[in-house]
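**Q** Next input, structure requested:
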Amino acid sequence: MRREKGKALSIKLKLTLWFTMFMAILAAVCLGIILLINGSVARNEAHQILTYSVRANIPEVSLENGRLTLSPDFNFYANNVSMLIYNKDMALLSGQVPPSFPVNTEAENGTFRLVDDGNDGYYVMDFWIPSGWEDGVWLRGVLANPGGSQSVGNIFTLFSIVLPFFILAAALGGYFIVKGALAPISRIARTAEAISGGKDLKSRIGTPGGSLEVNQLASAFDSMFERLEQSFEAEKQFTSDASHELRTPTSVILAQCSFVEKHGDGIEDYREAIQVIDRQARKMSLLIERLLEMTRLDLGTQKLRVDRVDLSDMCTVLCEEQDTGERRISISTEIEDGVTVAGDQLLLSRVIVNLLDNARKYGKENGHIFLRLYKKKEFAVLEVEDDGIGIEKDRLEKIWQRFYQADGSRGTGSGLGLGLSMVQQIVRLHGGELSVESTAGAGSLFTVCLNLDMTDGKES
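**A** Below you'll find the predicted structure:
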């Protein structure tokens with residue numbers, strides 16, 4: 001059966017179990033190595049003890065006229081080694097045979113070997129002590145296998161006591177290490193859940209500490225959250241702006257429809273109503289189009305198509321197109337030749353058109369608009385000045401807000417109040433600066449500074 005989602009083991013528990021199993025396997029491997037080393041060490045130790053003990057007793061044994069003689073310094077039992085003396089026919093002459101040692105074990109002069117007794121066995125070393133040409137005795141040292149079951153049992157006993165504490169300590173240590181390592185990830189998860197639930201879109205993870213990889217993950221999440229917040233704010237702004245600004249034209253359209261339906265008596269009434277509806281519908285369409293453009297700019301989905309833009313030619317052409325004589329306002333220009341920038345040609349043309357349109361909308365009858373373009377150090381400077389109604393100081397900061405109009409009565413029906421807000425966005429996207437100077441009743445001066453385009457180290 002598949003494990004239910006709610007009962008799935010956490011990464012923390014999985015890593016702790018894996019770490020504990022690894023340490024248990026490592027302990028088992030260490031036990032095996034210790035047992036192997038124990039057998040080798042026991043054999044080397046037995047060889048040294050037997051060699052020393054047997055050789056030390058050789059001078060203490062003599063056979064004279066068939067009679068065995070042992071000096072007082074002869075040790076029958078020393079260093080756990082039992083000394084046995086046999087005649088040439090392997091008949092025991094002296095010494096006590098250890099229990100279970102095979103009595104029929106043949107002698108091998110100078111050979112160190114392990115004799116099997118059915119249990120742990122005995123290490124044996126024999127030396128022939130001659131007496132004359134044909135007679136002599138065998139001196140045998142017998143040592144119980146020090147690496148036998150008793151030694152192995154002691155090792156297992158020690159491991160059975162120590163190993164559980166070792167594994168428990170490893171498990172606890174591994175758990176706290178994993179917990180500490182995953183704590184930043186848990187923080188990331190909690191922040192992501194809070195943001196995904198819409199509780200706090202401004203929340204950020206920051207630098208949670210820990211490894212470089214965790215900090216990189218946190219940074220990536222913060223970038224994603226920032227984009228998410230921007231998208232949400234842009235969507236909220238679009239919804240708010242659209243619902244607010246579409247209310248008036250929608251009300252006008254509904255009112256016209258209701259009026260014609262109840263009181264329309266002829267073609268002229270219907271024609272007039274259709275004209276009003278058409279005008280309001282066009283205004284709605286333009287409003288939606290501008291709002292979408294600004295939303296794309298907010299979200300960065302409308303990318304800059306950076307080209308080499310000749311601002312001098314662009315300003316000349318646009319000023320000629322915009323000098324329509326509307327409200328008998330004329331456009332005067334002072335345009336320096338060869339002023340080029342790197343930017344999006346369409347968006348930059350929108351900056352010029354919007355500034356000219358704003359100057360015309362708030363200019364006085366029979367007034368003037370002055371457009372100047374020149375180079376100043378590494379900047380291209382565009383100035384649009386009018387001699388219109390101007391802006392009061394307490395309203396200067398508000399003109400960049402969407403739908404704000406310095407003169408509400410004149411702005412009605414003449415614009416959407418989005419022009420300057422869009423100009424500010426476009427200039428910022430190009431890394432430029434936009435400023436305004438204005439005196440109420442005397443006119444306004446808008447200044448745009450953009451970086452000059454450089455080609456081959458020279459000003460274009």
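**Q** okay, CA-based contacts and neighbour counts for the rest of this
**A** Noted.
**Q** per-domain residue ranges of the chain.
**A** 37-147, 246-299, 306-459 (automatic domain parsing).
**Q** And those: which comes nearest residue 188?
**A** Closest to residue 188 of these is domain 246-299 (Cα to Cα; 24.3 Å).
**Q** tell me how far that closest one is from the chain's mean position?
**A** 51 Å (Cα atoms, centre = their mean, to the nearest Å).
**Q** With stretch 334-351 instead?
**A** With Cα atoms, centre = their mean, you get 42 Å for stretch 334-351.
**Q** Just the helices from this structure, written as ranges.
**A** For the chain, the helices defined by DSSP state H cover 11-57, 149-196, 212-245, 247-263, 267-299, 311-322, 345-361, 408-411, 419-429.
**Q** and those, which one is worst for confidence?
**A** Per-stretch mean pLDDT for the helices of the chain is lowest at helix 408-411 (a mean of 43).
**Q** Pull the residues that contact stretch 351-362.
**A** 315, 318, 322, 329, 369, 384-386, 388-390, 407, 410-411, 414, 419-420, 422-423, 426-427, 444, 446 (Cα atoms under 8 Å, 6 or more residues apart in numbering).
**Q** returning to that earlier point: could I get the domains of the chain as JSON lines with distance to residue 11?
**A** Formatted as JSON lines, these follow (distance: least, Cα to Cα, whole Å):
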{"stretch": "domain 37-147", "distance to residue 11": "38"}
{"stretch": "domain 246-299", "distance to residue 11": "36"}
{"stretch": "domain 306-459", "distance to residue 11": "44"}
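**Q** Surely residue 144 touches residue 116?
**A** No: counting by Cα atoms under 8 Å, residue 144 stays clear of residue 116, with 10.6 Å between them.
**Q** what is in contact with the two at once?
**A** With Cα under 8 Å, 6+ apart as the test, residue 144 and residue 116 both reach residue 122.
**Q** beta partners for residue 309?
**A** residue 341 (DSSP bridges).
**Q** Kindly report the same for residue 126.
**A** residue 109, residue 140.
**Q** Contact partners for it?
**A** 107-112, 138-141.
**Q** which of those residues are buried?
**A** 107, 112, 138-141 (16 or more other Cα atoms under 10 Å).
**Q** and those residues as TSV, adding pLDDT and distance to residue 435?
**A** Output for the buried ones among the contacts of residue 126, formatted as TSV (pLDDT from 0 to 100; distance: Cα to Cα, whole Å):
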residue	pLDDT	distance to residue 435
107	88	113
112	89	103
138	90	117
139	91	115
140	92	112
141	91	109
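**Q** Can you tell me which of the residues you listed lies closest to residue 380?
**A** Among the buried ones among the contacts of residue 126, and counting by Cα to Cα, the member closest to residue 380 is residue 112, at 101.3 Å.
**Q** And the closest residue to the closest one other than its chain neighbours, how far from residue 261?
**A** In space, and not counting its chain neighbours, residue 112 is closest to residue 125: 4.9 Å by Cα to Cα, 6 or more residues apart in numbering. Distance, residue 125 to residue 261, using Cα to Cα, to the nearest Å: 129 Å.
**Q** Out of the helices of the chain, flag the one nearest residue 130.
**A** helix 11-57 (14.3 Å).
**Q** so what secondary structure elements neighbour that closest one?
**A** strand 81-87, strand 122-131, strand 135-144, helix 149-196 (3 or more Cα pairs under 8 Å, 6 or more residues apart in numbering; DSSP states H and E).
**Q** what number of residues lie near the closest residue to residue 88 other than its chain neighbours?
**A** Distances taken as Cα to Cα, 6+ apart place residue 137 nearest to residue 88, at 5.6 Å, with adjacent residues excluded. Applying other Cα atoms under 10 Å, we find 24 residues neighbouring residue 137.
**Q** got it, and residue 296?
**A** 15.
**Q** again with residue 62
**A** Residue 62, neighbours per other Cα under 10 Å, totals 18.
**Q** Could you give the bridge partners of it?
**A** Taking DSSP bridges as the rule, residue 62 bridges to residue 69.
**Q** do you know how far it is from residue 110?
**A** 18 Å.
**Q** Neighbour count: residue 144 and residue 116, which is higher?
**A** residue 144 (20 against 15).
**Q** which residues touch the more buried one?
**A** Taking Cα under 8 Å, 6+ apart, one finds 80-81, 120-123 in contact with residue 144.
**Q** Among those, which one sits closest to residue 130?
**A** The closest of the contacts of residue 144, once distances to residue 130 are taken by Cα to Cα, is residue 81, at 22.3 Å.
**Q** Who does the closest one form a beta bridge with?
**A** residue 78, residue 143.
**Q** ok, it - contacts?
**A** Taking Cα under 8 Å, 6+ apart, we find residue 81 in contact with 49-50, 53, 141-144.
**Q** cool, and residue 134?
**A** No residues are in contact with residue 134 under the rule Cα under 8 Å, 6+ apart.
**Q** now residue 47
**A** Taking Cα under 8 Å, 6+ apart, one finds 112, 123 in contact with residue 47.
**Q** Counting neighbours, what do you get for residue 34?
**A** Neighbour tally, residue 34, other Cα under 10 Å: 15.
**Q** For it, give its distance to residue 134.
**A** Residue 34 is 48 Å from residue 134, by Cα to Cα.
**Q** next one: residue 450
**A** 121 Å.
**Q** ditto for residue 229
**A** On the measure of Cα to Cα, residue 229 and residue 134 end up 108 Å apart.
**Q** and if you look at residue 43?
**A** 34 Å.
**Q** ditto for residue 443
**A** Distance from residue 443 to residue 134, by Cα to Cα: 141 Å.
**Q** How about residue 39?
**A** Distance of residue 39 to residue 134, computed by Cα to Cα: 40 Å.
**Q** repeat for residue 282
**A** 136 Å.
**Q** Check residue 341 too.
**A** Counting by Cα to Cα - residue 341 and residue 134 are separated by 120 Å.
**Q** Residue 226 now?
**A** Residue 226 is 105 Å from residue 134, by Cα to Cα.
**Q** Which of residue 125 and residue 261 has more residues huddled nearby?
**A** Taking other Cα under 10 Å, residue 125 and residue 261 do not tie; residue 125 has more neighbours (24 against 11).
**Q** coming back round to it: what are the neighbouring residues in contact with the residue nearest to residue 112?
**A** Contacts here follow Cα under 8 Å, 6+ apart; on that basis residue 125 touches 50-51, 54, 108-113, 140-142.
**Q** thinking again about what came up before, in JSON lines, list the contacts of residue 144 along with distance to residue 71 and pLDDT.
**A** Converted to JSON lines, these look like this (distance: Cα to Cα, whole Å; pLDDT from 0 to 100):
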{"residue": "80", "distance to residue 71": "20", "pLDDT": "86"}
{"residue": "81", "distance to residue 71": "18", "pLDDT": "89"}
{"residue": "120", "distance to residue 71": "33", "pLDDT": "78"}
{"residue": "121", "distance to residue 71": "30", "pLDDT": "85"}
{"residue": "122", "distance to residue 71": "27", "pLDDT": "88"}
{"residue": "123", "distance to residue 71": "25", "pLDDT": "90"}
